[in-house]
Each structure stands twice: as structure tokens, then as C-alpha cells.
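Colleague: sequence plus predicted model, see below.
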Amino acid sequence: MERRQNKSTKNTRILHGRSIMCDVPLRTSHCKQASFFFTTWTMTNKILKPYLRKFILQTHPDFFHHDKLRKTTNAASLQSLYDILQPSTPSTSKQPNSAIRLEFFIKGQKKKDGNAISSVFHSQDSDWDKAASFLDLCQRVNIPVVPTDLDIVQDMVNKQSNRNNPPYKYKSLTREFAERLYKEQSATVSRQHWTENDVLNQSLIMFDTPVNRKLTASRLSRWLPKLQPQLWWGKIPMLIISSTSHQPPTELTKGMLVIQDGMELEGSYATISPLD
């Protein structure tokens, strides 16, 4: 009983005055310094803990005792991963940014498949950025990730990004839409030159079969500056019918602009209104 107790304490670590017990037995010299728990219980710790355990069970160096290259590769990458996932401190933020490439072989991977799964982390990434990169790595080694965990991590990454950028760059969706609509309307109002192709390529303009599309489009393009296009162009469907055709039923053209190909412009400024 005494010997068994001593054996179990080999996986106990003292980290910043706190005793940490590893969930997965570590038997290699590279992994004895690893710890799966971080000193502070942040949300990232709670999210990553179960995935880190599953990741270890897929990549532990002891699974590759028959292959020295894969064993040493996984051992070195796991040790680097432990260091990367440690909570950031003021001292680490002052260090120069560097890219850290990790490579892992997966348990059960056939020997003839010599490709390791790689992932790149950056030393200056925030804890949430690192969490996002790690969850992506988990998915690449076929570890399923709960969608809500992905959403939480990505949401925190976005919030940090917003805080780190000048506030004037970020606008509400309503404000952005209003500004874009204003620019589009302003451009339409000030536009004085319209072409035949503008009319033919407008998806909301439809031609009746007997209508001469080219001739009618040419005529309409000349009149557009006087028809207040900012009120209807690209917003309200238009149906151009032949002057010899009967007026289509009202219930089929409700909310549409209906004009005839034999139309004439009267006055220097005209308007078009949709049918009720």
C-alpha cells in the first residue's frame, strides 16, 4: 500500500505553490513537467480541460514507444503546448512575438502515413486566441468540439479584437446600413448618365414578350435622370408591357411599376408610382 501511494505521487506537481494532479499518467521525461490545470480558474481553463485530456489520449508519446521519431516529436510538441496554454502574464506580453509550430502524430495512425498534423501558435496571442487555435487543432485530430464551446471562444476573441481597435472603426448594424443606403441613394440622385445596359442588366426590370427590349431600354435610359430613380431604381419591380397588350390583372401587379413600351415623357420632370 505504501509503494502504491508513492507511485501515484509521481504525477503530482507543485505549480506556484499549488499542488496539481495530472489526470493522465505521464511516464516519459518530456511529459513529467506538464500540468493540465492552470493556476487561475478562468473560463478558458474550464472549456479546454476536457479537450486537453482527450487530446492527450490521442497523442501521448508512450503510444509510440515503437517509433522513436514519432515519440520524440509528440513529446516535444506536447511540452510546448502545455507552455502555450498557460495563462498569459505581464512578463510574457513584453516578450517578442514568435510563431511556434507544433506537430503531432495520432494514435492508431498507420506507419506508412508519415504526415503529422501541424498547428501554428503565436506567443503574443491572447488566451482566447490560443484557445481557439487549440480547439481547431482538436477538430483536426477528430476530437468533436461542442458548438457552444466554439461559439463562446469565438465571441470572446471578437470582443477582445473590438477592445484592441479604435472604437470609431466599429459601427452598429443600423448605422452601417443607414450610411450605405444614403450613399447608394446619393449616387443614384446625382447620376446623370445611364446606359442601355443599365436597364437591361437590372434584375427588377421585366419585359413583356412582344416588347423590343433594346429599343425600350435605350429610350428609358435617356429618361431616367428625370424619373427620380432614387425612389424606385433597384427597389421596386418594373414591368414593361407592349402598348398593344391588355393591362395585366391588378392582383398580379400589386406593388409593381407597370409602363408601356410606347410611353412618352411629358414635362421636364416626371414621376413613376407603383400600382396599388
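Modeller: Yep, that arrived. Numbers count the residues shown, from 1 in each chain.
Colleague: what ranges does the stretch 151-276 of the chain have for its strands?
Modeller: 205-207, 238-241, 257-260 (DSSP state E, counting those that start in this stretch).
Colleague: how about those strands in a markdown table, adding mean neighbour count and mean pLDDT?
Modeller: Every C-beta, even on glycine, is put in place using the N, C-alpha and C of the backbone. Output for the strands of the stretch 151-276 of the chain, formatted as a markdown table (neighbours: other C-beta atoms under 10 Å; pLDDT from 0 to 100):
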| stretch | mean neighbour count | mean pLDDT |
| --- | --- | --- |
| strand 205-207 | 17 | 89 |
| strand 238-241 | 20 | 88 |
| strand 257-260 | 17 | 85 |
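Colleague: between the ones you listed, which gets nearest to residue 87?
Modeller: strand 205-207 (60.2 Å; C-beta to C-beta).
Colleague: tally of neighbours for residue 251?
Modeller: 6 (other C-beta atoms under 10 Å).
Colleague: low-confidence ranges in the stretch 1-150 of the chain?
Modeller: Low-confidence regions of the stretch 1-150 of the chain, defined by pLDDT under 70, span residues 1-42, 89-95, 113-114.
Colleague: ok, now with 80
Modeller: 1-43, 45, 87-97, 110-114 (pLDDT under 80).
Colleague: now do the helices in it.
Modeller: 2-8, 43-59, 68-84, 90-93, 127-140, 147-164 (DSSP state H, counting those that start in this stretch).
Colleague: could you dump those into a markdown table with distance to residue 115 and mean neighbour count added?
Modeller: Formatted as a markdown table, the helices of the stretch 1-150 of the chain follow (distance: least, C-beta to C-beta, whole Å; neighbours: other C-beta atoms under 10 Å):
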| stretch | distance to residue 115 | mean neighbour count |
| --- | --- | --- |
| helix 2-8 | 37 | 8 |
| helix 43-59 | 14 | 18 |
| helix 68-84 | 11 | 18 |
| helix 90-93 | 32 | 9 |
| helix 127-140 | 12 | 20 |
| helix 147-164 | 25 | 13 |
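Colleague: quick one: which of the ones you listed is nearest residue 236?
Modeller: That would be helix 147-164 among the helices of the stretch 1-150 of the chain, by C-beta to C-beta, at 36.8 Å.
Colleague: which other residues reach that closest one?
Modeller: 43, 44, 47, 126, 128, 129, 131, 132, 135, 170 (C-beta atoms under 8 Å, 6 or more residues apart in numbering).
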